[in-house]
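Visitor: coords please:
(one chain, ligands or ions: 3)
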Amino acid sequence: MNIILLGPPGAGKGTQARILVDRDGMVQLSTGDMLREAVAAGTEIGRQAKAVMDAGDLVTDEIVIGIISDRLDRPDVKGGAIFDGFPRTLAQADALQSLLAEKGMALDAVVEMRCDDEELIERVVGRFTCAHCGEGYHATYKMPDKEGVCDKCGSTEFKHRPDDNREAMQNRLLVYYKETSPLIGYYHAKGSLKSVDGTAAIDTVTASIADAIR
Ligand code: ADP
Ligand code: ADP
Ligand code: ZN
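Guide: Ligands and ions are numbered 1, 2, ... in the order given. Here you go, the predicted model:
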């Protein structure tokens, strides 16, 4: 099964994608993570993307479509792919449709995760991740069981994204409504859209997604 998790920054896409990976053995295709890896590795793409990402604007369609196209050639996607943060524009959605057709893959569902703006800002500003395994945490909603130690891997190092501040987040929300929210209508018209309440507790959202994609 191949699905898209669609929603604004902070909606919980990454959190739910990781749960699906652990439970169902699917792979998470996060263009945000792939771009951050390119920035950390200092590649040409990383150099082009860095300032754009810090400001909360979108990297060009050409770059992200290229990254996803390469990623879909790896054999692990055969077990099911979760698109997290891609597509984000209508051009990316059209490109994804062509890529999937080319590679003999189907799109089974698009799950829209709804959440209100105030909650999104609070989630993003309080977000941090394990520097070692990438597990996501939140200063209020999801602290590690043992303070300062990752639940998943025991690491004691954590990271906070440079774009997870109020100013960049205001712009990211604007960009979401302008460029990405039209995809809700697009996938609705194609008959593949399901919506879940992303404001509920993490476990409740997991259950709603399971229902939506069944
Ligand atoms: P996205 O990938 O959509 O940007 P994340 O999954 O990283 O969002 O979640 C953003 C922040 O909100 C993280 O700190 C995460 O721990 C927290 N979070 C995710 N889902 C929920 C939820 N249902 N309730 C409360 N906090 C959540
Ligand atoms: P979020 O928490 O907002 O869901 P992501 O990790 O998905 O964040 O993305 C971080 C940044 O990476 C975005 O603000 C944007 O600059 C860039 N980015 C990620 N995915 C895409 C995409 N599909 N198209 C364009 N830019 C992207
Ligand atoms: Zn960890």
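Visitor: And the residue in the chain that ligand 2 sits nearest to, which helix or strand is it part of?
Guide: Going by CB to the nearest ligand atom, ligand 2 is nearest to residue 32 of the chain, at 1.9 Å. The way it works is simple: take the backbone N, C-alpha and C, and place the C-beta from them, glycine included. In the assignment (DSSP states H and E), residue 32 maps to helix 31-41.
Visitor: what sits up against that helix?
Guide: 14, 45-47, 49-50, 53, 59, 63-64, 67-68, 71, 84-86, 88, 134, 161 (CB atoms under 8 Å, 6 or more residues apart in numbering).
Visitor: again, but for stretch 180-200
Guide: Residues outside stretch 180-200 that contact it (CB under 8 Å, 6+ apart): 4, 6-8, 11-12, 87-90, 93, 107-116, 119, 204-205, 208-209, 212-213.
Visitor: Next: stretch 114-128.
Guide: Residues outside stretch 114-128 that contact it (CB under 8 Å, 6+ apart): 7-12, 136-141, 158-161, 164-166, 169-170, 172-173, 195-199.
Visitor: Which positions in it come out as buried?
Guide: Neighbour-count burial for stretch 114-128, counted by 16 or more other CB atoms under 10 Å, picks out 115, 120-124, 126-128.
Visitor: among those, which are in helices?
Guide: Mapping these onto helices (DSSP state H) picks out 120-124.
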